[in-house]
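*Asks:* Return atomic coordinates for the entry below.
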Amino acid sequence: MSNRDVYTYTPTDNHCIEGLAIENERGDLIDWFWGGSTVSHRQYVSRDAADLTKIANLDDYELMPRDGRESNEEYAPADRLIIHSQHGLQRTHYIRKGAEPDLSTRIENARQQLRNAEVDLSSAQFNVKWAQGQLAKLTESAKESK
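*Replies:* Reported below is the predicted structural model:
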């Protein structure tokens, strides 16, 4: 175990606990729910926490552009690291140092985008037909009331 090692574990309580911990320079494992805040909310994690598993060391990764706010989805899954807090609502994206965007990952992402667009198109077509039907009913009612 060393400084900036990242671990997952199974917490006994989920209130203000993330299940993701990072080791600090003093050798303490700090749960990342508060995003490493130095305030008194800091939650220390025991080294015998259930399912404690090292997943990375931050020194092997670099922040994505814009301080980690941009996605790392163009990189192979093995080259990605997402540090999350606030039960996953806050996400910081990292890539393994030296990693390059992965063509097969980008192709799969494009396939998924196409599938999503096709679902959106089908939904939009259904909504258009429904709206046309509603308009036709209202128009017919207007003609009958004259």
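
*Asks:* Okay, now the unreliable bits of this structure?
*Replies:* The chain contains residues with pLDDT under 70 at 36-40.

*Asks:* hey, where'd the helices end up in it?
*Replies:* Using DSSP state H, the helices of the chain run over residues 103-144.

*Asks:* Closest to the centroid, which residue in it?
*Replies:* Arg91 (5.9 Å; CA atoms, centre = their mean).

*Asks:* and that one, bridged to which residues?
*Replies:* His84 (DSSP bridges).

*Asks:* That one reaches Ile83, doesn't it?
*Replies:* Yes: Arg91 is within contact range of Ile83, at 7.4 Å (criterion: CB atoms under 8 Å). For every residue, glycine as well, the C-beta is placed using N, CA and C.

*Asks:* how does the protein divide into domains?
*Replies:* 5-96, 102-146 (automatic domain parsing).

*Asks:* Tyr44 pairs with what?
*Replies:* Bridge pairing for Tyr44 - DSSP bridges - gives Ile30.
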